[in-house]
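>>> Provided below for reference: sequence and predicted model.
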Amino acid sequence: MSESVIEFENVSKRFRIGATHDSLRDLASASLRAFFGRRKQKKGHEDFWALQDVDFHVRRGEVLGIIGPNGAGKSTVLKLLAGILRPDRGRIRVNGRLAALIEVGAGFHGDLTGRENIFLNGTILGMTRREIASKLDAIVAFAGLERFLDMPVKRYSSGMYARLGFSIAAHVEPDILLVDEVLSVGDAVFRLRCVERMRELVREGATLVFVTHDLDQMQKVCTRTVVLDRGKIAFEGRPTEAVGRYLAAVTGASTHRPTDGLLACDQHMVQLTNLSCRNAAGKVGMTIEANNPTKIEATLLLGVPVQRLVVEVNIRRALGELVVSLNSGRSQRFYSAGVGAHRIEINLPSFPLAGGQYFCNVRAWDADHGTTLLDTPFRYPLVVHDAGRATGLFCLEHEWSFCGEPHQKPAHETLKGVSPFFAGETHEGLPVR
């Protein structure tokens, strides 16, 4: 087993809600308010445990993802690892040179130029002046800020801040790199470069702890994932399995959801009381297997009768682009629906979307009057598993064949349609004999 470079043992962290100050800066401002007679009336303090008995280890060269709903304690973990906070209970051990990119522009001085802040921030992260000077060109080139290097950073955009901050941290050559959600402010091309740089550091032996809400990015980068929920570890294991646990934490783990999407229009009223998927074995949930038969079920509660009801289910990726729209009207299917509950089913012989995180919404119309009866937000999560077979948008069933004539007949048998080059070897994790 590889050496553990991070040990988080039964760590708990408490904050006091209502405390007027917990740092020297807050104490100074509170003293000034008291001096000028502007002291706020004290309220009772309440203890809030941001983390409770969190326990995990990270081995050298591993990429650990930490995901969870807002307020789950993810950033608190990173700040404890970086030494910004101290635990109230438990023990933390970090073995190696650590660089943390936790907050955009942390450690920057607004009146200093980009060049000066590189030296300042690099020194804070533990580099010598000579080391910073030798890497200056590489840091600037990676951030793409050559034109703005001698401009005060207070004039930088948030994206420029993020690019410069990540570039400095990534060139420290750390043993351990901590990365929070800061990459979300960068443009798409720079985010891809950051991911590749993180992979490069890992190949060189660095350990990465990565906090993100981007589940696709997490699955591409991380080798193991911890799901935090309300300050506790809800799951620890493979990234693909962690996605489902994360979505369960976000949505309350309920398949049969409470009424949602209520929309009243011209006395029409429709409620969505359930949205779920059912696989061929009859299992109900919002996690499905790619290229397997799937049935989408939606239950609508109508307050008034509708003679020609149109129902639509849309599926989009986490980034927002619509990938599937299933509309009964386009299929010339109109439903005569009376007052009460009605279940709509959509049978899909195969579900070809590639693995990842998706979100669904449901819409309904009165076709005779052109009236919108229901339009829910895209708040219903859907997780697709494809066993790593696809990296694009679709996971299409297909077959391969090798049609070339070999120059020399192989001495051993091979499978029909498979190149002799692969005979007896493992390709894509499958033995070929």
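Cool, the structure landed.

>>> return the distance of the nearest residue to Lys232 once chain neighbours are set aside relative to Val58.
In space, Lys232 comes closest to Gln52 once its chain neighbours are excluded; the distance is 5.4 Å by CB to CB, 6 or more residues apart in numbering. Where C-beta positions appear, they are placed from N, C-alpha and C, glycine not excepted. As judged by CB to CB, to the nearest Å, Gln52 and Val58 stand 20 Å apart.

>>> sorry, back to before: isn't the residue nearest to Lys232 up against Arg14?
No - between Gln52 and Arg14 no contact is recorded; they are 9.2 Å apart, counting by CB atoms under 8 Å.

>>> more neighbours: the two, which one.
Remark: of Gln52 and Arg14, Gln52 carries more neighbours, 17 against 14, as counted by other CB atoms under 10 Å.

>>> doesn't the more buried one belong to a strand?
Yes - counting by DSSP: H, G, I helix; E, B strand; the rest coil, Gln52 is found in a strand.

>>> ok, it - contacts?
By CB atoms under 8 Å, 6 or more residues apart in numbering, the residues touching Gln52 are Ser12, Gly231, Lys232.

>>> the last one: neighbouring residues, count only.
Translated: Lys232. Lys232, neighbours per other CB under 10 Å, totals 16.

>>> for it, give me its contacts.
Leu51, Gln52, Asp53, Val54.

>>> ditto for the second one
Contact partners of Gly231, counting by CB under 8 Å, 6+ apart, are Trp49, Ala50, Leu51, Gln52, Val54, Ala72, Gly73.

>>> can you redo those as TSV with distance to Asn292 and pLDDT?
Below are these laid out as TSV (distance: CB to CB, whole Å; pLDDT from 0 to 100):
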residue	distance to Asn292	pLDDT
Trp49	42	91
Ala50	40	91
Leu51	39	93
Gln52	39	93
Val54	36	93
Ala72	32	88
Gly73	36	90
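
>>> so for stretch 383-391, mean pLDDT?
Mean per-residue pLDDT for stretch 383-391: 71.

>>> kindly apply the preceding question to stretch 86-95 instead.
Here the average pLDDT along stretch 86-95 is 92.

>>> returning to what we had before: and the furthest pair within the contacts of Lys232?
Leu51 and Asp53 (7.9 Å; CB to CB).

>>> and those two? Which one has more around it.
The residue with more neighbours, out of Leu51 and Asp53, is Leu51; 27 against 14, by other CB under 10 Å.

>>> which residues does that one bridge with?
Lys13 (DSSP bridges).

>>> for the stretch 151-300 of the chain, give me the ranges with low pLDDT.
181-187, 247-268 (pLDDT under 70).

>>> I should have written the stretch 1-150 of the chain there, sorry.
1-2, 18-45, 103-106.

>>> ok, back up a step: from the contacts of Gln52, pick the one nearest Ser401.
Using CB to CB, these come closest to Ser401 at Lys232, 51.3 Å.

>>> so what pairs up with the closest one in the strands?
Assigned bridge partners for Lys232, using DSSP bridges, are Asp229.

>>> that one and Val383: what is the separation?
For Lys232 relative to Val383 (CB to CB), the value is 22 Å.

>>> kindly report the same for Leu228.
18 Å.

>>> what bridges to the closest residue to Phe351 other than its chain neighbours?
Nearest non-adjacent residue to Phe351, counting by CB to CB, 6+ apart: Thr294, 4.5 Å away. On the basis of DSSP bridges, Thr294 is bridged to Asn279, Leu348.

>>> which residues touch Thr294?
By CB under 8 Å, 6+ apart, the neighbours of Thr294 are Cys277, Arg278, Asn279, Ile288, Leu348, Phe351.

>>> of those, which pair is most distant in space?
Going by CB to CB, the pair spanning these furthest: Arg278 and Phe351, at 11.8 Å.

>>> quick one, which of the two is more surrounded?
Using other CB under 10 Å as the criterion, Arg278 and Phe351 rank with Phe351 on top: 21 against 17.

>>> you'd agree the more buried one is up against Ile288?
Yes - applying CB under 8 Å, one finds Phe351 in contact with Ile288, separated by 5.8 Å.

>>> point me to the helix or strand that includes the nearest residue to Arg245 once chain neighbours are set aside.
Distances taken as CB to CB, 6+ apart put Phe235 closest to Arg245, at 3.9 Å, once the chain neighbours are dropped. Phe235 belongs to strand 232-237 when assigned by DSSP states H and E.

>>> off-centre distance for that strand?
15 Å (CA atoms, centre = their mean, to the nearest Å).

>>> rewinding a little: from the contacts of Gly231, pick the one nearest Ser325.
Nearest to Ser325 among the contacts of Gly231, with distances taken as CB to CB, is Ala72, at 32.8 Å.

>>> tell me the contacts of that closest one?
Per CB under 8 Å, 6+ apart, neighbours of Ala72: Leu228, Asp229, Arg230, Gly231, Ala249.

>>> for these, pick the one with the most neighbours.
Leu228 leads the contacts of Ala72 on contacts (other CB under 10 Å) with 26 neighbours.

>>> please report how far that residue lies from Val243.
14 Å.

>>> over to Ile102?
From Ile102 to Val243 the distance is 24 Å (CB to CB).

>>> now swap in Val179 and tell me
When Val179 is compared with Val243 (using CB to CB), they lie 19 Å apart.

>>> which one's more surrounded, the two?
Val243 (26 against 22).

>>> show me the contacts for the residue nearest to Arg97 when sequence neighbours are not counted.
Distances taken as CB to CB, 6+ apart put Asp175 closest to Arg97, at 4.6 Å, once the chain neighbours are dropped. Residues near Asp175 by CB under 8 Å, 6+ apart: Val5, Arg60, Asn95, Gly96, Arg97, Leu98, Gly205, Ala206, Thr207.

>>> run the last query once more with 7 Å
Contact analysis of Asp175 by CB atoms under 7 Å, 6 or more residues apart in numbering lists Val5, Gly96, Arg97, Leu98, Ala206, Thr207.

>>> can you give me phi and psi for it?
Recorded main-chain torsions at Asp175 are phi -70, psi -30, according to degrees, to the nearest 10.

>>> from Val209, how far out is it?
Distance from Asp175 to Val209, by CB to CB: 12 Å.

>>> mind listing the helices for the stretch 201-350 of the chain?
Along the stretch 201-350 of the chain, counting by DSSP state H, counting those that start in this stretch, helices occupy 215-221, 239-251.

>>> same check, this time on the stretch 1-150 of the chain
Under DSSP H, counting those that start in this stretch, the stretch 1-150 of the chain gives helices at 24-35, 74-82, 114-124, 129-143.

>>> quick one: closest of these to Tyr358.
helix 74-82 (22.7 Å).

>>> contacts for the closest one next, please.
6, 11, 13, 50-51, 54, 66, 68, 85, 87, 92, 94, 98, 100, 102, 178, 180, 209, 211, 228.
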